[in-house]
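Undergrad: structure, please.
(2 chains)
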Amino acid sequence: MIDLRPLVLSLELAFITALLLFIIGIPLAYWLSGSDFKLKPVISAIVSMPLVLPPTVLGFYLLVAFSPLHFPGNLINELFNIRLVFSFEGLIIASVIYSLPFMVNPIQSGLESLPPTLKEASYTLGKSKFQTLIKILLPNIKPSLLTGIVLSFAHTIGEFGVVLMIGGNIPGKTRVASLAIYDEVESLNYHNANIYALILFAITFTILLIVYILNGRYLKLTKI
Amino acid sequence: MPLDINIQIEEGEFITIEGQSGAGKTTILRMIAGLLKPEKGKIEVGNNTWVDTESNCFLPSQKRGVGFVFQEYSLFPNMTIMKNLEYALDSKKDIRQVEEVINIMELEALKERFPQMLSGGQKQRVALARAIVRKPKILLLDEPLSALDTRMRIKLQDYILKVHRKLKLTTILVSHDIPEIFKMSDRVIRLDKGKITNTGNATDVFQKNYISGKFRFAGEVLKIEKDDVLSIVNVLIGNNIIKVIASENEVESLSVGDKVMIVSKAFNPLILKINN
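TA: I've put the predicted structure just below:
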(Lines give C-alpha, C1' and ligand atoms only; values in the text may rest on other atoms or scores of the structure.)
Protein backbone atom coordinates (compact mmCIF):
# COMPACT_ATOMS: atom_id res chain seq x y z
CA MET A 1 0.00 0.00 0.00
CA ILE A 2 1.30 3.44 -0.83
CA ASP A 3 1.73 6.25 1.64
CA LEU A 4 -1.21 8.65 1.25
CA ARG A 5 0.41 11.54 3.05
CA PRO A 6 2.06 13.01 -0.06
CA LEU A 7 -1.28 13.16 -1.84
CA VAL A 8 -2.98 14.78 1.13
CA LEU A 9 -0.12 17.26 1.41
CA SER A 10 -0.35 18.09 -2.31
CA LEU A 11 -4.09 18.74 -2.10
CA GLU A 12 -3.72 20.75 1.08
CA LEU A 13 -0.95 22.84 -0.42
CA ALA A 14 -2.90 23.41 -3.64
CA PHE A 15 -6.07 24.36 -1.77
CA ILE A 16 -4.39 26.89 0.53
CA THR A 17 -2.34 28.31 -2.34
CA ALA A 18 -5.38 28.77 -4.57
CA LEU A 19 -7.30 30.41 -1.72
CA LEU A 20 -4.49 32.84 -0.91
CA LEU A 21 -3.95 33.58 -4.58
CA PHE A 22 -7.64 34.34 -5.05
CA ILE A 23 -7.42 36.94 -2.29
CA ILE A 24 -4.17 38.43 -3.60
CA GLY A 25 -4.92 37.97 -7.31
CA ILE A 26 -8.15 39.96 -7.54
CA PRO A 27 -6.81 43.31 -6.27
CA LEU A 28 -3.58 42.85 -8.21
CA ALA A 29 -5.38 41.99 -11.47
CA TYR A 30 -7.83 44.85 -10.92
CA TRP A 31 -4.99 47.27 -10.41
CA LEU A 32 -3.09 45.99 -13.45
CA SER A 33 -6.18 46.17 -15.66
CA GLY A 34 -6.95 49.77 -14.80
CA SER A 35 -3.70 51.46 -13.94
CA ASP A 36 -1.60 53.68 -16.14
CA PHE A 37 1.23 53.66 -13.61
CA LYS A 38 4.59 54.07 -15.33
CA LEU A 39 6.17 51.01 -13.75
CA LYS A 40 3.21 48.80 -14.68
CA PRO A 41 5.16 46.86 -17.36
CA VAL A 42 7.78 46.05 -14.73
CA ILE A 43 5.14 44.71 -12.34
CA SER A 44 3.50 42.74 -15.16
CA ALA A 45 6.84 41.21 -16.07
CA ILE A 46 7.53 40.20 -12.49
CA VAL A 47 4.07 38.66 -12.12
CA SER A 48 4.51 36.64 -15.31
CA MET A 49 8.10 35.57 -14.69
CA PRO A 50 7.28 32.21 -13.13
CA LEU A 51 5.76 31.23 -16.49
CA VAL A 52 9.18 31.12 -18.13
CA LEU A 53 11.70 30.96 -15.31
CA PRO A 54 13.13 27.51 -14.49
CA PRO A 55 11.54 26.50 -11.17
CA THR A 56 14.98 25.78 -9.78
CA VAL A 57 16.01 29.42 -10.24
CA LEU A 58 13.03 30.62 -8.26
CA GLY A 59 13.56 27.83 -5.74
CA PHE A 60 17.17 28.73 -5.30
CA TYR A 61 16.53 32.42 -4.64
CA LEU A 62 13.69 31.62 -2.28
CA LEU A 63 15.93 29.21 -0.47
CA VAL A 64 18.50 31.94 0.00
CA ALA A 65 15.89 34.53 0.99
CA PHE A 66 14.06 32.25 3.44
CA SER A 67 17.24 31.03 5.07
CA PRO A 68 17.54 32.13 8.71
CA LEU A 69 21.04 33.32 7.87
CA HIS A 70 19.89 36.06 5.50
CA PHE A 71 17.35 38.82 5.25
CA PRO A 72 14.33 38.51 5.22
CA GLY A 73 14.45 34.94 6.50
CA ASN A 74 16.21 35.96 9.71
CA LEU A 75 13.66 38.70 10.38
CA ILE A 76 10.71 36.36 9.88
CA ASN A 77 12.40 33.82 12.08
CA GLU A 78 12.88 36.35 14.85
CA LEU A 79 9.53 38.08 14.65
CA PHE A 80 7.18 35.15 14.13
CA ASN A 81 9.42 32.28 15.04
CA ILE A 82 8.63 30.70 11.68
CA ARG A 83 11.31 29.02 9.69
CA LEU A 84 10.37 29.11 6.02
CA VAL A 85 12.98 26.75 4.60
CA PHE A 86 12.15 23.06 4.69
CA SER A 87 8.68 23.76 6.11
CA PHE A 88 5.10 23.62 4.87
CA GLU A 89 4.67 27.39 5.42
CA GLY A 90 7.65 27.99 3.16
CA LEU A 91 6.07 25.75 0.52
CA ILE A 92 2.89 27.82 0.65
CA ILE A 93 4.71 31.10 0.10
CA ALA A 94 6.83 29.63 -2.68
CA SER A 95 3.72 28.18 -4.36
CA VAL A 96 1.87 31.47 -4.13
CA ILE A 97 4.72 33.21 -5.93
CA TYR A 98 5.18 30.40 -8.41
CA SER A 99 1.48 30.19 -9.39
CA LEU A 100 0.79 33.93 -9.28
CA PRO A 101 0.47 34.42 -13.07
CA PHE A 102 -2.00 31.54 -13.31
CA MET A 103 -4.38 33.49 -11.09
CA VAL A 104 -3.61 37.07 -12.11
CA ASN A 105 -3.49 36.70 -15.89
CA PRO A 106 -6.98 35.16 -16.42
CA ILE A 107 -8.61 37.65 -14.04
CA GLN A 108 -6.79 40.58 -15.60
CA SER A 109 -7.77 39.64 -19.14
CA GLY A 110 -11.33 38.99 -17.95
CA LEU A 111 -11.53 42.48 -16.49
CA GLU A 112 -9.97 44.02 -19.58
CA SER A 113 -12.49 42.31 -21.85
CA LEU A 114 -15.45 43.98 -20.12
CA PRO A 115 -16.73 47.11 -21.88
CA PRO A 116 -15.51 50.18 -19.94
CA THR A 117 -19.00 51.68 -19.97
CA LEU A 118 -20.11 48.95 -17.56
CA LYS A 119 -18.09 50.39 -14.71
CA GLU A 120 -18.73 53.94 -15.86
CA ALA A 121 -22.47 53.28 -15.71
CA SER A 122 -21.99 52.05 -12.16
CA TYR A 123 -20.00 55.16 -11.19
CA THR A 124 -22.67 57.50 -12.56
CA LEU A 125 -25.17 55.57 -10.43
CA GLY A 126 -23.20 56.70 -7.38
CA LYS A 127 -21.40 53.44 -6.69
CA SER A 128 -17.80 53.38 -5.48
CA LYS A 129 -14.99 51.53 -7.21
CA PHE A 130 -15.12 48.80 -4.60
CA GLN A 131 -18.89 48.30 -4.91
CA THR A 132 -18.52 48.28 -8.69
CA LEU A 133 -15.82 45.62 -8.50
CA ILE A 134 -17.80 43.34 -6.19
CA LYS A 135 -21.28 43.78 -7.63
CA ILE A 136 -20.63 44.36 -11.33
CA LEU A 137 -17.15 43.46 -12.53
CA LEU A 138 -16.45 40.19 -10.71
CA PRO A 139 -19.90 38.63 -11.29
CA ASN A 140 -19.44 39.27 -15.00
CA ILE A 141 -16.10 37.49 -15.25
CA LYS A 142 -17.04 34.26 -13.47
CA PRO A 143 -15.38 32.06 -16.10
CA SER A 144 -12.09 33.95 -15.65
CA LEU A 145 -12.29 33.61 -11.87
CA LEU A 146 -12.95 29.90 -12.16
CA THR A 147 -10.10 29.51 -14.64
CA GLY A 148 -7.75 31.36 -12.30
CA ILE A 149 -8.67 29.25 -9.27
CA VAL A 150 -8.42 25.97 -11.10
CA LEU A 151 -5.23 26.71 -13.00
CA SER A 152 -3.41 27.84 -9.88
CA PHE A 153 -4.72 24.79 -8.01
CA ALA A 154 -3.67 22.38 -10.74
CA HIS A 155 -0.36 24.13 -11.29
CA THR A 156 0.47 23.86 -7.58
CA ILE A 157 -0.23 20.14 -7.65
CA GLY A 158 2.15 19.89 -10.58
CA GLU A 159 5.01 21.77 -8.93
CA PHE A 160 8.29 19.97 -8.63
CA GLY A 161 11.43 22.07 -8.82
CA VAL A 162 10.40 24.79 -6.41
CA VAL A 163 9.05 22.44 -3.75
CA LEU A 164 12.13 20.28 -3.96
CA MET A 165 14.46 23.24 -3.48
CA ILE A 166 12.55 24.98 -0.74
CA GLY A 167 10.83 22.04 0.95
CA GLY A 168 13.60 19.52 0.88
CA ASN A 169 11.43 16.42 0.49
CA ILE A 170 10.70 15.73 4.18
CA PRO A 171 8.17 12.88 4.56
CA GLY A 172 4.85 14.00 6.06
CA LYS A 173 5.96 17.62 6.04
CA THR A 174 7.06 18.75 2.63
CA ARG A 175 7.07 15.61 0.52
CA VAL A 176 4.22 16.27 -1.86
CA ALA A 177 2.96 13.79 -4.46
CA SER A 178 5.16 14.99 -7.29
CA LEU A 179 8.23 14.47 -5.10
CA ALA A 180 6.99 11.10 -3.90
CA ILE A 181 6.88 9.91 -7.52
CA TYR A 182 10.48 10.93 -8.01
CA ASP A 183 11.47 9.16 -4.82
CA GLU A 184 9.72 5.95 -5.76
CA VAL A 185 11.32 5.94 -9.17
CA GLU A 186 14.74 6.50 -7.66
CA SER A 187 14.28 3.48 -5.43
CA LEU A 188 12.94 1.52 -8.42
CA ASN A 189 9.42 1.16 -6.96
CA TYR A 190 7.78 1.62 -10.33
CA HIS A 191 4.49 0.22 -9.13
CA ASN A 192 4.08 2.86 -6.41
CA ALA A 193 5.30 5.60 -8.70
CA ASN A 194 2.66 4.52 -11.17
CA ILE A 195 -0.12 4.75 -8.60
CA TYR A 196 0.89 8.27 -7.55
CA ALA A 197 1.26 9.34 -11.15
CA LEU A 198 -2.09 7.89 -12.15
CA ILE A 199 -3.87 9.59 -9.26
CA LEU A 200 -2.30 12.98 -10.13
CA PHE A 201 -3.16 12.40 -13.76
CA ALA A 202 -6.79 11.67 -12.91
CA ILE A 203 -7.12 14.60 -10.51
CA THR A 204 -5.74 17.21 -12.89
CA PHE A 205 -7.68 15.85 -15.86
CA THR A 206 -10.95 15.88 -13.92
CA ILE A 207 -10.41 19.41 -12.65
CA LEU A 208 -9.65 20.79 -16.08
CA LEU A 209 -12.56 18.91 -17.62
CA ILE A 210 -14.97 20.40 -15.09
CA VAL A 211 -13.69 23.90 -15.85
CA TYR A 212 -14.15 23.53 -19.57
CA ILE A 213 -17.65 22.10 -19.14
CA LEU A 214 -18.73 24.84 -16.72
CA ASN A 215 -17.21 27.66 -18.75
CA GLY A 216 -18.74 26.31 -21.94
CA ARG A 217 -22.14 26.25 -20.32
CA TYR A 218 -21.73 29.74 -18.89
CA LEU A 219 -20.70 31.20 -22.23
CA LYS A 220 -23.65 29.55 -23.93
CA LEU A 221 -26.01 31.02 -21.34
CA THR A 222 -24.77 34.56 -21.68
CA LYS A 223 -24.74 34.49 -25.46
CA ILE A 224 -28.50 34.10 -25.88
CA MET B 1 -7.57 68.11 -31.74
CA PRO B 2 -8.22 70.51 -28.87
CA LEU B 3 -11.75 70.80 -27.56
CA ASP B 4 -12.35 74.42 -26.76
CA ILE B 5 -15.87 75.38 -25.74
CA ASN B 6 -17.79 77.66 -23.48
CA ILE B 7 -21.48 76.97 -22.96
CA GLN B 8 -24.11 77.90 -20.50
CA ILE B 9 -27.19 75.76 -20.09
CA GLU B 10 -30.36 76.86 -18.36
CA GLU B 11 -32.06 74.69 -15.80
CA GLY B 12 -34.71 72.47 -17.39
CA GLU B 13 -33.48 73.12 -20.90
CA PHE B 14 -33.31 70.43 -23.59
CA ILE B 15 -30.02 70.85 -25.42
CA THR B 16 -28.85 68.85 -28.39
CA ILE B 17 -25.22 68.69 -29.39
CA GLU B 18 -24.82 68.00 -33.07
CA GLY B 19 -21.73 67.47 -35.17
CA GLN B 20 -19.55 65.08 -37.15
CA SER B 21 -18.19 62.05 -35.39
CA GLY B 22 -14.97 62.98 -33.68
CA ALA B 23 -16.11 66.57 -33.14
CA GLY B 24 -16.00 66.10 -29.37
CA LYS B 25 -19.67 65.60 -28.54
CA THR B 26 -19.24 62.52 -26.39
CA THR B 27 -16.19 64.05 -24.73
CA ILE B 28 -18.34 66.94 -23.48
CA LEU B 29 -20.87 64.56 -21.95
CA ARG B 30 -18.15 62.46 -20.35
CA MET B 31 -16.61 65.55 -18.79
CA ILE B 32 -19.93 66.66 -17.36
CA ALA B 33 -20.47 63.16 -15.96
CA GLY B 34 -17.02 63.09 -14.37
CA LEU B 35 -15.80 60.16 -16.45
CA LEU B 36 -13.12 62.30 -18.03
CA LYS B 37 -10.95 65.08 -16.65
CA PRO B 38 -10.43 68.13 -18.84
CA GLU B 39 -6.84 69.28 -19.11
CA LYS B 40 -7.93 72.80 -18.42
CA GLY B 41 -11.30 74.26 -17.63
CA LYS B 42 -14.17 74.75 -15.28
CA ILE B 43 -17.59 73.16 -14.85
CA GLU B 44 -20.04 74.85 -12.56
CA VAL B 45 -23.52 73.60 -11.78
CA GLY B 46 -25.77 75.96 -9.88
CA ASN B 47 -23.60 77.25 -7.06
CA ASN B 48 -21.32 74.23 -7.00
CA THR B 49 -18.02 73.81 -8.77
CA TRP B 50 -17.62 70.33 -10.22
CA VAL B 51 -14.37 70.88 -12.02
CA ASP B 52 -11.80 73.62 -11.76
CA THR B 53 -8.37 72.65 -12.99
CA GLU B 54 -6.80 75.78 -11.56
CA SER B 55 -7.69 74.96 -7.98
CA ASN B 56 -7.34 71.23 -8.67
CA CYS B 57 -10.99 70.63 -7.91
CA PHE B 58 -12.64 67.53 -9.33
CA LEU B 59 -15.90 66.14 -8.02
CA PRO B 60 -15.99 62.39 -8.64
CA SER B 61 -18.66 60.94 -10.89
CA GLN B 62 -20.36 59.24 -7.95
CA LYS B 63 -21.13 62.56 -6.27
CA ARG B 64 -22.46 64.45 -9.29
CA GLY B 65 -25.85 62.83 -9.45
CA VAL B 66 -26.18 62.88 -13.21
CA GLY B 67 -28.04 60.30 -15.26
CA PHE B 68 -26.04 58.91 -18.16
CA VAL B 69 -27.43 56.81 -20.98
CA PHE B 70 -24.76 55.15 -23.09
CA GLN B 71 -25.05 54.35 -26.76
CA GLU B 72 -24.37 50.67 -26.08
CA TYR B 73 -26.99 50.45 -23.28
CA SER B 74 -24.48 49.12 -20.69
CA LEU B 75 -27.01 47.21 -18.65
CA PHE B 76 -25.47 44.87 -16.10
CA PRO B 77 -25.71 41.38 -17.64
CA ASN B 78 -25.55 39.62 -14.27
CA MET B 79 -28.74 41.23 -13.00
CA THR B 80 -32.41 41.13 -13.94
CA ILE B 81 -34.04 44.35 -15.12
CA MET B 82 -35.49 44.87 -11.65
CA LYS B 83 -32.05 44.39 -10.05
CA ASN B 84 -30.49 46.73 -12.61
CA LEU B 85 -32.92 49.42 -11.50
CA GLU B 86 -32.57 48.65 -7.78
CA TYR B 87 -28.80 48.86 -8.09
CA ALA B 88 -29.16 52.55 -8.85
CA LEU B 89 -30.78 53.22 -5.47
CA ASP B 90 -28.74 54.67 -2.63
CA SER B 91 -30.76 52.75 -0.11
CA LYS B 92 -33.17 49.86 -0.41
CA LYS B 93 -35.77 51.99 1.36
CA ASP B 94 -36.30 54.09 -1.75
CA ILE B 95 -37.85 51.20 -3.67
CA ARG B 96 -40.84 53.46 -4.44
CA GLN B 97 -38.62 55.35 -6.86
CA VAL B 98 -38.00 52.17 -8.84
CA GLU B 99 -41.71 51.40 -8.98
CA GLU B 100 -42.42 54.92 -10.17
CA VAL B 101 -39.86 54.64 -12.95
CA ILE B 102 -41.20 51.22 -13.99
CA ASN B 103 -44.60 52.89 -14.37
CA ILE B 104 -43.36 55.83 -16.40
CA MET B 105 -41.27 53.64 -18.70
CA GLU B 106 -43.84 50.81 -18.86
CA LEU B 107 -41.40 48.09 -17.87
CA GLU B 108 -43.71 45.98 -15.70
CA ALA B 109 -43.60 43.02 -18.10
CA LEU B 110 -39.81 43.00 -18.39
CA LYS B 111 -38.95 43.19 -14.68
CA GLU B 112 -37.78 39.63 -14.16
CA ARG B 113 -35.89 39.25 -17.44
CA PHE B 114 -32.18 39.50 -18.01
CA PRO B 115 -30.79 42.14 -20.39
CA GLN B 116 -29.67 39.49 -22.91
CA MET B 117 -33.33 38.59 -23.49
CA LEU B 118 -34.35 42.10 -24.50
CA SER B 119 -34.52 43.82 -27.89
CA GLY B 120 -32.43 46.93 -28.57
CA GLY B 121 -35.34 49.28 -27.96
CA GLN B 122 -36.28 47.56 -24.72
CA LYS B 123 -32.69 47.66 -23.51
CA GLN B 124 -32.45 51.36 -24.18
CA ARG B 125 -35.76 51.93 -22.37
CA VAL B 126 -34.31 50.15 -19.34
CA ALA B 127 -31.08 52.12 -19.60
CA LEU B 128 -33.08 55.35 -19.62
CA ALA B 129 -35.13 54.11 -16.67
CA ARG B 130 -32.00 53.20 -14.72
CA ALA B 131 -30.52 56.63 -15.36
CA ILE B 132 -33.51 58.41 -13.82
CA VAL B 133 -34.11 56.19 -10.77
CA ARG B 134 -31.91 58.43 -8.67
CA LYS B 135 -33.84 61.50 -9.80
CA PRO B 136 -30.82 63.24 -11.33
CA LYS B 137 -30.84 66.95 -12.04
CA ILE B 138 -29.05 66.46 -15.31
CA LEU B 139 -29.69 63.74 -17.86
CA LEU B 140 -26.95 63.01 -20.40
CA LEU B 141 -27.87 61.01 -23.49
CA ASP B 142 -25.01 59.85 -25.69
CA GLU B 143 -26.60 58.99 -29.05
CA PRO B 144 -28.94 56.67 -27.24
CA LEU B 145 -31.17 55.98 -30.22
CA SER B 146 -28.71 55.61 -33.06
CA ALA B 147 -28.80 51.80 -33.09
CA LEU B 148 -32.59 51.59 -33.29
CA ASP B 149 -34.95 51.48 -36.27
CA THR B 150 -37.11 54.49 -37.04
CA ARG B 151 -40.29 53.27 -35.38
CA MET B 152 -38.51 52.38 -32.16
CA ARG B 153 -36.65 55.68 -32.32
CA ILE B 154 -39.82 57.72 -32.43
CA LYS B 155 -41.26 55.80 -29.51
CA LEU B 156 -38.12 56.25 -27.42
CA GLN B 157 -38.05 59.96 -28.29
CA ASP B 158 -41.50 60.24 -26.81
CA TYR B 159 -40.33 58.49 -23.65
CA ILE B 160 -37.37 60.85 -23.35
CA LEU B 161 -39.58 63.91 -23.77
CA LYS B 162 -42.05 62.53 -21.25
CA VAL B 163 -39.29 62.01 -18.70
CA HIS B 164 -37.75 65.38 -19.44
CA ARG B 165 -41.02 67.20 -18.82
CA LYS B 166 -42.27 65.13 -15.94
CA LEU B 167 -39.07 65.26 -13.89
CA LYS B 168 -38.10 68.76 -15.12
CA LEU B 169 -34.65 67.49 -16.04
CA THR B 170 -31.93 69.45 -17.70
CA THR B 171 -31.25 67.18 -20.64
CA ILE B 172 -28.27 67.10 -22.97
CA LEU B 173 -28.63 64.87 -26.00
CA VAL B 174 -26.00 63.97 -28.55
CA SER B 175 -27.60 63.26 -31.91
CA HIS B 176 -27.00 63.26 -35.65
CA ASP B 177 -30.59 62.82 -36.64
CA ILE B 178 -32.07 66.08 -37.89
CA PRO B 179 -35.77 65.19 -37.49
CA GLU B 180 -34.95 64.06 -33.97
CA ILE B 181 -33.19 67.34 -33.22
CA PHE B 182 -36.16 69.34 -34.49
CA LYS B 183 -38.57 67.32 -32.43
CA MET B 184 -36.67 67.32 -29.15
CA SER B 185 -34.49 70.36 -28.66
CA ASP B 186 -35.02 73.77 -27.14
CA ARG B 187 -31.54 74.64 -28.31
CA VAL B 188 -28.99 73.12 -30.63
CA ILE B 189 -25.24 73.38 -30.34
CA ARG B 190 -23.30 72.61 -33.48
CA LEU B 191 -19.83 71.35 -32.89
CA ASP B 192 -17.09 71.13 -35.47
CA LYS B 193 -13.53 69.99 -34.76
CA GLY B 194 -13.80 70.81 -31.10
CA LYS B 195 -15.37 74.26 -31.53
CA ILE B 196 -18.93 75.51 -31.37
CA THR B 197 -19.83 76.81 -34.81
CA ASN B 198 -23.45 77.66 -34.27
CA THR B 199 -26.06 77.68 -31.56
CA GLY B 200 -29.74 78.53 -31.40
CA ASN B 201 -33.04 76.80 -31.93
CA ALA B 202 -33.18 74.02 -34.50
CA THR B 203 -34.74 76.14 -37.25
CA ASP B 204 -32.09 78.85 -36.89
CA VAL B 205 -29.19 76.44 -36.84
CA PHE B 206 -30.25 74.37 -39.81
CA GLN B 207 -31.90 77.15 -41.85
CA LYS B 208 -28.84 78.06 -43.82
CA ASN B 209 -27.90 74.62 -44.89
CA TYR B 210 -31.08 72.69 -44.91
CA ILE B 211 -34.10 74.86 -45.47
CA SER B 212 -34.36 76.60 -48.82
CA GLY B 213 -36.35 76.54 -51.98
CA LYS B 214 -34.12 73.86 -53.36
CA PHE B 215 -33.37 70.21 -53.03
CA ARG B 216 -29.70 69.56 -52.58
CA PHE B 217 -28.21 66.13 -52.44
CA ALA B 218 -24.61 65.15 -52.26
CA GLY B 219 -23.69 62.16 -54.39
CA GLU B 220 -20.96 60.36 -56.23
CA VAL B 221 -20.51 59.96 -60.00
CA LEU B 222 -20.75 56.29 -60.95
CA LYS B 223 -20.75 56.41 -64.73
CA ILE B 224 -20.79 58.96 -67.56
CA GLU B 225 -22.54 57.81 -70.74
CA LYS B 226 -21.75 59.99 -73.74
CA ASP B 227 -24.42 60.53 -76.35
CA ASP B 228 -24.15 62.85 -79.34
CA VAL B 229 -24.45 66.27 -77.81
CA LEU B 230 -25.56 65.33 -74.35
CA SER B 231 -24.23 63.03 -71.69
CA ILE B 232 -26.04 61.04 -69.04
CA VAL B 233 -24.35 61.05 -65.68
CA ASN B 234 -25.26 58.31 -63.20
CA VAL B 235 -25.02 59.62 -59.66
CA LEU B 236 -25.33 57.58 -56.49
CA ILE B 237 -27.28 59.39 -53.77
CA GLY B 238 -27.78 57.30 -50.68
CA ASN B 239 -28.97 54.02 -52.09
CA ASN B 240 -30.50 55.46 -55.23
CA ILE B 241 -28.90 55.89 -58.62
CA ILE B 242 -30.12 59.01 -60.38
CA LYS B 243 -29.57 59.76 -64.05
CA VAL B 244 -28.88 63.39 -64.80
CA ILE B 245 -28.60 64.93 -68.24
CA ALA B 246 -25.59 67.13 -68.63
CA SER B 247 -24.16 69.18 -71.49
CA GLU B 248 -20.72 68.54 -72.97
CA ASN B 249 -18.91 71.31 -71.13
CA GLU B 250 -20.56 70.35 -67.85
CA VAL B 251 -19.27 66.82 -68.26
CA GLU B 252 -15.77 67.94 -69.14
CA SER B 253 -14.83 68.64 -65.56
CA LEU B 254 -16.44 65.48 -64.22
CA SER B 255 -14.96 62.05 -63.85
CA VAL B 256 -16.08 58.82 -62.25
CA GLY B 257 -15.78 58.89 -58.47
CA ASP B 258 -16.18 62.67 -58.17
CA LYS B 259 -18.30 63.96 -55.34
CA VAL B 260 -21.05 66.13 -56.75
CA MET B 261 -24.07 68.09 -55.59
CA ILE B 262 -27.41 67.58 -57.35
CA VAL B 263 -29.59 70.65 -56.99
CA SER B 264 -33.16 71.19 -58.09
CA LYS B 265 -35.74 73.89 -57.50
CA ALA B 266 -38.55 72.62 -55.32
CA PHE B 267 -41.49 74.44 -56.90
CA ASN B 268 -43.91 71.67 -56.77
CA PRO B 269 -42.72 68.55 -55.07
CA LEU B 270 -45.10 65.72 -54.32
CA ILE B 271 -45.37 64.56 -50.73
CA LEU B 272 -46.22 60.90 -50.27
CA LYS B 273 -46.61 59.40 -46.82
CA ILE B 274 -44.62 56.28 -46.23
CA ASN B 275 -46.66 53.69 -44.42
CA ASN B 276 -44.78 51.92 -41.67
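
Undergrad: remind me which helix or strand B:Ile262 belongs to.
TA: Using DSSP states H and E, B:Ile262 maps to strand B:259-265.

Undergrad: revised request: answer the last question for B:Gln97.
TA: Using DSSP H and E, B:Gln97 maps to helix B:95-105.

Undergrad: what do you get for A:Ala29?
TA: helix A:5-34.

Undergrad: how about A:Val64?
TA: helix A:55-66.

Undergrad: what does stretch B:76-89 contact?
TA: Contacts to stretch B:76-89, defined as CB atoms under 8 Å, 6 or more residues apart in numbering or on different chains, come from residues A:118, A:121-122, A:125-127, A:135-136, A:139-140, A:222, B:75, B:92, B:95, B:97-98, B:101-102, B:107, B:110-116, B:118, B:126, B:129-131, B:133-134. For the C-beta atoms, the positions are set from N, CA and C on the backbone; glycine is no exception.

Undergrad: start and end of it, how far apart?
TA: 15 Å (CA to CA, to the nearest Å).

Undergrad: in that stretch, which residues are buried?
TA: B:Phe76, B:Asn78, B:Met79, B:Thr80, B:Ile81, B:Met82, B:Asn84, B:Leu85, B:Glu86, B:Tyr87, B:Ala88, B:Leu89 (16 or more other CB atoms under 10 Å in any protein chain shown).

Undergrad: A:Leu100 should be in a helix, yeah?
TA: Yes - looking at A:Leu100 with DSSP: H, G, I helix; E, B strand; the rest coil, it is inside a helix.

Undergrad: how close does it get to A:Phe22?
TA: For A:Leu100, the distance to A:Phe22 (CB to CB, to the nearest Å) stands at 12 Å.

Undergrad: and those two? Which one has more around it.
TA: A:Leu100 (22 against 16; other CB atoms under 10 Å in any protein chain shown).

Undergrad: for the chain, what spans make up the helices?
TA: In the absence of a named chain, this looks at chain A. A:5-34, A:40-48, A:55-66, A:73-80, A:88-113, A:116-124, A:129-132, A:142-157, A:161-167, A:177-186, A:190-223 (DSSP state H).

Undergrad: try again with chain B
TA: Using DSSP H, helices in chain B cover B:25-33, B:81-87, B:95-105, B:120-132, B:150-166, B:178-184, B:202-210, B:248-252.

Undergrad: ok, of those, where does mean pLDDT dip lowest?
TA: Per-stretch mean pLDDT for these is lowest at helix B:202-210 (a mean of 72).

Undergrad: low-confidence ranges, chain B, go.
TA: B:207-214, B:266, B:275-276 (pLDDT under 70).

Undergrad: within range of chain A, give me the residues from it.
TA: Neighbours of chain A within chain B, by CB under 8 Å from any CB of the partner chain: B:33-35, B:60-68, B:70, B:72, B:74, B:76-78, B:87-88, B:90, B:116-117, B:130-131, B:133-134.

Undergrad: repeat that for 6 Å
TA: Counting by CB under 6 Å from any CB of the partner chain, chain B comes close to chain A at B:Ala33, B:Leu35, B:Ser61, B:Gln62, B:Phe68, B:Phe70, B:Ser74, B:Phe76, B:Pro77, B:Asn78, B:Ala88, B:Gln116.

Undergrad: list just the nearest of those residues to A:Val96.
TA: The closest of those to A:Val96 turns out to be B:Asn78 (CB to CB; 28.9 Å).

Undergrad: residues of stretch A:22-31 that come out buried?
TA: A:Phe22, A:Gly25, A:Ile26, A:Leu28, A:Ala29, A:Tyr30.
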